[in-house]
Structures are given as C-alpha cells and as structure tokens.
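Student: Sequence first, then the predicted structure, then my questions.
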Amino acid sequence: YERVLKKFTTHPGVCRTEPCIIVASAVIGALDRSVDPCHDFYSFACGGWVRNNPLPEGKSRWGPFSNLWERNMAIMKHLLENTTMKGLSKAEENAQMYYKACMNETKIEELGAQPLQELINQTGGWALTGSWDKNNFQEVLRTVSANYHCSPFFTVFVSTDSKCSNHNIIQVDQSGLGLPSRDYYLNKTANAKVLTDGYFLVELGVLLGGSQETSRSLMQEIVDFETTLANITVPQEERRDEELIYHKIQAKDLATLAPAVDWMPYLTDVFAPVLLNDSEPVVVYAKDYLQKVSDLIASTNKSVLNNYMIMKVVRKMVSILDKKFQDAEQRFFEVMYGTKKSCTPRWKLCVSDTDSALGFALGALFVKATFAEDSKAIAEDMVSEIKWAFEDSLKYVDWMDQGTKKAAREKAEAIYNMVGYPKFIMDPKELDKVFNDFEVVSDLYFQNVMQYYNFSARVTADQLRKTPNRDQWSMTPPTVNAYYNPTKNEMVLPAGILQAPFYSRSWPKALNFGGIGVVMGHELTHAFDDQGREYDKDGNLRSWWKNSSVEAFKKQTQCMVEQYSNYSINKEALNGKHTLGENIADNGGLKAAYKAYVNWIAKNGEEATLPALGMTNHQLFFVGFAQVWCSVRTPESSHEGIITDPHSPSRFRVIGTISNSHEFSKHFGCKADAPMNPKHKCKLW
C-alpha cells in the first residue's frame, strides 16, 4: 500500500496553512490505517472516527451531519435569546417569542394535561373515561384534519400537479400508521418489543385520566386496527413509478371511490377559507387503498374509529405537553430507536421547534449571522462545474438513444439552483407579509403550536389558487441537507450545509469536491433517477424517453437493485428496490463530482497536498467523500432505517459507490477482484 501511495505522489508542495493543518489532523484522526482501503474502504476512512465517537446520550445515530446541526442549533439559540438586537422584523421578533414560550417550563408544568384535555372535550370527548355512543365520525375527522394537523386514514394536501407543473392541486394519499412503517405491524415477532403495551399508548391513556384497564383495552383496539390498516397500505417500493399511481379525478368522484367519508364538507373544512366546488380537480395516489380504507371505516365500530382519531391527536401533542408526557415518549424512543435516556437540554427541542414553525424568520437571523455573501457565488460556480461534468458524461452513456440523450442534456441544462436561502427572507416587509397571519402569544406554548397549525393550514389552502413559487422551499435555511424537486426541476442547497465538513474556502478543492460537490452531484442526479427521470425539463410527468431507452435504463438499474440487496446490516438485508433512487443519485453524484474535480485541476493545475497524510489529492477526494458519511447508530435505529429510509445505510453509501468507480481503484491501486474492486460494476450515468 505504501508503494502504491509513492507511485501516485506527484504534487506541487504541501499546504502548511493553519486550516490545512487542522483539517489534515481531522482526516488522519478519522482514518484506520490498519485496514486495507481496497478491502473495506469505509472502515479505512472511518474506523478512527467510529472509535473516537461513542454515540452521544439521547441519540440513536450520530455523524458529521448531526454534529453540524448541533453547531447550527447553538448559533440559533444565541440569536433567539438575544432580545437586545436592534431592527428586527415582526416575524423575527415572533420567532424569539415562540422560542421563549417553549422555554417557559414553569408555565407548561403548571398547565399539565389541561390544554390537551380541553382540546379532546371540544372535539367531542372519547371512550377513555366513559361509554361511547356518539355518532360524530365525520365531524371529528374534519376537526382533527383541519385544525390539528393530523392525517388519520389518509392524507390530503396541496402540491404542484405533476402533469401540469405550473398549477397547484389537491392531492390525496395513504397515511395513518402510528409506527414508522407497516412492517412493524406485519412482522409481529421481530417487533414484539415495540408493539408491547400498544407502543406507549397505554401510558398516555393513563396520563389523560383513564384507568390502567380501560386504557389497555382501548390501546389494544388501536394496535389491532392499525394492523388492519398496515395490511392494506401499499409498501413504498411498489409506489416508485409515479406514472402508474397518478390518478386525476374530480372532487365529486371521491364519493364513489370512498363513500365512507363525506368528502365535500371535509375538503371545505380542510381548505377553508378557499371556496371549492365538486368539480375541483384532485390527484389520488392511492386509489386501491382509498377504496379499502373506506370499506374498513364502514365496517368498524364507531367507538374504535373515534378512539383511533383522538389518539392521533394525542400522539401529535405529546411533545408539547409537560414532562410526564415527554418522559413517556422518551421511554418509547428507547425501545423504538435504542436511544438511551436523554439528558437533551430543553433549548435544543425549542430551537428545533422554532425552526419548524418559523424557520424562515429564524433563517433570516441565521443567514445574516453566518452566511458570507460570496458563499452563494462560490456554491453556484461549483454547481455549474458539476453540471458540466454530468452533461459531458452523457456523451459516453452507451445504453441511451441519441434523441433521448439530447432531451436529457436539455433537462440537466435547465435545472435551476437555489443556494443559501429564498430571496424574500432578506426583505423584512416580504418576510412579515408571509407570517402576517401567524399570531404568537407570550408564554403559552401549547396555544402557539395550535396557532401554527391553523396558520400553516391557511397557507396550504392559499397555495391552491396560486402558481407554484420558487421562493417556497421545503427546507429552512439552517437545515443541514439539500433536495431536488422534480416538478420545479430545481435543486436546493440551504445555507446550513454550505459549511465544514462539506465545504470550506480554505481547504484543498479535493475536499470541497468530495464533500459539497458530491452532495450537489447527488441532487442533480435525482433528476435522472428512477423517479426523477419521468419528469421533463419543465417539471411535467410525461413520457419523454424512447421506449428502447426506458427498457435499457431498467436493465441498467436492475444491476444496482441487486448490488445493494446483497448488502446487509446485523444480518438484515437492504431493500435495493426501495433505495434505488438514492443509490442512483449517490453513484451519479460521486462520478460527476470527481470528473468536475479532474476538470478543475486541468484548468488550474494540481494543488498542494495536505501535510502528514501521505496521500495524493485524488485519494483525498475519495477519503473526504467517505468521511462525510462516518456514523454510529443503535441496532434498533439501523433496523428502522432499513425498513423506512430510502437512503442506504452510511457504510453502503460509501462502499456501494466506490465499488462502481474505476477511478477509485486506479488511485488506490486495488487489484482486480479486491472487495472494493469487483469485476462487475453497475454503471448508469
């Protein structure tokens, strides 16, 4: 291995600046040099990191993403608590007030379960403390859906119409389970621990005044009912082809499809104050499920239905009540995710919640405090370089016909980049206009959360009559993440991720391309994964590929489905079908970022290497990429990830992609058929 390194060491000197020394030390500290990189690259790149990072208390998983989010949270805490700041907009002041009410534990403890009990009484009560014979199913369904942000049985929302991307439309889809996935109900033996005691529902029933006995029988009813729901719920991997599951109908047709629900009064309440009529277009994504759930509602005892809907509300409200409720939820998390008892300070919960409710107002404070103006330009330049690399690679895609290839290049060219933050947050007038309707009161946290639910319901309803807007992001600026939106054909890179360990202006470009460059390439490739590829350059769902290329694409992707299905964690195999889109994005992202880096060198010359590492910058690119994914996780959380997460576990996001990379094996001198250099490689983009 040393010999191999020498062979590739042709560098113009060593970078000895302070940032280079600091980052070199971090890279070295995370490595495990006793492992052969060609044998297990993840352990080589991350072994030291895993050794030095035991799982923090109260966490079920930990990695550089979590670490950066903690840093961002500390900055937000400081901004939210600094009430002496001058010249804040009303929305920014409201974010501070919302946070302060969340931090007022004395008031929260004093109120106890009362706010939730009042809510339940207003909704008509439930069978926990007395017999049940009310005939109010439709009213309760409307109230919990319209006012409390709950989605029992199904979910109804407003989003861009996939087949007409300049319009918003009402959409209906399956939902309804209390646990993260249907598998928890259907595989009872494997998940017995989680299902015992109706996954902490019994405890909640007792806290709300029910006897142990009533609570137990009621909650068992819920688990049984949810198991029936799980049986009719379609697994995620069978819903990846949107062309097959998209059904546009009129609102009045819902009555024929699912007659157990009074649809017009329901939609009228959920989308108030917008006026609807029965010819309103609706896209249904779960046609068979809706029919089955309607039959199930019709044949289920009304007390069980009511109990189930109220319990959805209770679950939703647990985290905003007093400590007794939070402790009950914590015990559930211990079983569900393997988190040890958490000593998470209250401020972290409150920062996160303020980010959820007023994230763009808080984002304005965060961006002003942390985001250098030229970071935006630097990131945009980098996106252009990655885009160029992706488009150039299209020339060499041998399984695709020329016409489709030309359209694919046009689509890549048309991808819109949103970097840092949406424009409106920097204009106090615009920002206040967006939050104008959100009343925040001091010191009443529960009430503020209810106000937020009402506000966000009105915002949703308002979208129905508006054209989709690029300033509407589904992630707030401080978020450590990024996404691609197929109906807008845009990728979004919030300010929160545009910092170390993904990017730093003082690092070698090898690390920036291996970090944020791969993230950019990943989001870009989503435009051409098994789902994104169905949308054209204007964000419309339509067949724009020649059939022969569709067949070839499916054949190429089958290779990846099989590759990732052969990986396993704790003897549990990954689901290569469910994770296909993300795996395509990981592979395409690494390839595009590496190509862009090589192109950068061709234009700017080789850069200096990091000290004491004994690595070429090409090797550093791959190591930097892998180290972004170093992580530790409890077995329970790994199990939950395999069942629910469309991304592969971190270890395989690294191993899967580099196993398909000829460049990786070249730069690390891997022999043919070494574990990281299989003869048969999957290639797509």
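Tutor: The structure has been received and is ready for your questions. Owing to the predicted nature of the structure, the values given are computational and were not obtained by experimental measurement.
Student: Need the three-state assignment for Phe157.
Tutor: Assigned with DSSP: H, G, I helix; E, B strand; the rest coil, Phe157 falls in the strand class.
Student: close enough to count as contact, it and Ala457?
Tutor: No. Contact criterion CB atoms under 8 Å: Phe157 and Ala457 do not qualify, at 10.3 Å. (Glycine included, C-beta is placed from N, CA and C.)
Student: Compare neighbour counts for those two and give me the winner.
Tutor: Ala457 (19 against 14; other CB atoms under 10 Å).
Student: Check this protein for its longest strand and report it.
Tutor: strand 164-174 (DSSP state E).
Student: Which elements pack onto the helix or strand just after that one?
Tutor: For strand 164-174, the succeeding helix or strand toward the C-terminus, using DSSP states H and E, is helix 183-186. Packed against helix 183-186 by the contact rule (3 or more CB pairs under 8 Å, 6 or more residues apart in numbering; DSSP states H and E) you find helix 192-195, helix 212-232.
Student: State the distance from the nearest residue to Asn72 once chain neighbours are set aside to Met76.
Tutor: Here the nearest residue to Asn72 in space, its sequence neighbours aside, is Pro478; by CB to CB, 6 or more residues apart in numbering that works out to 4.8 Å. According to CB to CB, to the nearest Å, Pro478 stands 6 Å off from Met76.
Student: what do these two both touch?
Tutor: Asp355, Leu362, Phe366 (CB atoms under 8 Å, 6 or more residues apart in numbering).
Student: From what I see, the second one and Gly496 are in contact.
Tutor: So the one you mean is Leu362. No. Judged on CB under 8 Å, Leu362 makes no contact with Gly496 at a distance of 11.3 Å.
Student: ok, Arg16 - how many residues close by?
Tutor: 11.
Student: Assign the spatially closest residue to it that is not a sequence neighbour to one of the three secondary structure states.
Tutor: Among residues not flanking Arg16 along the chain, Pro611 sits closest, at 5.9 Å (CB to CB, 6+ apart). Of the three states, Pro611 takes coil according to three-state DSSP.
Student: Just confirm Pro611 contacts Glu18, I think it does.
Tutor: No. The pair Pro611 / Glu18 is not scored as a contact, 11.2 Å apart, by CB under 8 Å.
Student: do you know how far Val194 is from Leu201?
Tutor: Distance from Val194 to Leu201, by CB to CB: 12 Å.
Student: Compare those two (neighbour count), which wins?
Tutor: Using other CB under 10 Å, the more surrounded residue of Val194 and Leu201 is Leu201, with 24 against 21.
Student: what residues are up against that one?
Tutor: Gly178, Ser215, Met219, Ile222, Val223, Met311, Arg315.
Student: What is the burial count for the fifth one?
Tutor: Going back to what we said before, that points to Val223. Using other CB under 10 Å: Val223 sits among 18 other residues.
Student: so it makes contact with Leu195?
Tutor: Yes. Using CB under 8 Å, Val223 is in contact with Leu195, at 6.3 Å.
Student: Can you list phi and psi of Lys395 for me?
Tutor: Lys395 has phi and psi values of phi -60, psi -30 when expressed as degrees, to the nearest 10.
Student: so how many other residues sit close to it?
Tutor: Neighbours of Lys395 (other CB under 10 Å): 9.
Student: same question, the one 5 residues further on
Tutor: By the criterion of other CB under 10 Å, Met400 has 20 neighbours.
Student: Ok, Val140 next?
Tutor: 21.
Student: I figured it hits Asn306, correct?
Tutor: Yes. Counting by CB under 8 Å, Asn306 is a contact partner of Val140 at 6.0 Å.
Student: Need the overlap of contacts for these two.
Tutor: Gly124.
Student: Just to be sure, Leu362 is in a helix?
Tutor: Yes. Under three-state DSSP, Leu362 falls within a helix.
Student: can you tell me which helix or strand the residue lying closest to it once chain neighbours are set aside belongs to?
Tutor: Using CB to CB, 6+ apart and skipping the chain neighbours, the partner closest in space to Leu362 is Ala95 (4.6 Å). In this assignment (DSSP H and E), Ala95 forms part of helix 90-103.
Student: Relative to the whole chain's centre, how far out is that helix?
Tutor: 25 Å (CA atoms, centre = their mean, to the nearest Å).
Student: residues of that helix that come out buried?
Tutor: 90-92, 94-103 (16 or more other CB atoms under 10 Å).
Student: Distance check, the nearest residue to Asp278 once chain neighbours are set aside against Leu276.
Tutor: Spatially, and ignoring its direct neighbours in sequence, Asp278 is nearest to Lys252 (3.8 Å; CB to CB, 6+ apart). Distance of Lys252 to Leu276, given as CB to CB: 11 Å.
Student: shared neighbours, these two?
Tutor: Joint contacts of Lys252 and Leu276 (CB under 8 Å, 6+ apart) are Met264.
Student: the more surrounded of these two?
Tutor: Leu276 (17 against 14).
Student: element containing that one?
Tutor: Counting by DSSP H and E, Leu276 is part of no helix or strand.
Student: so which strand or helix has Leu493?
Tutor: strand 490-494.
Student: Noted, bye for now.
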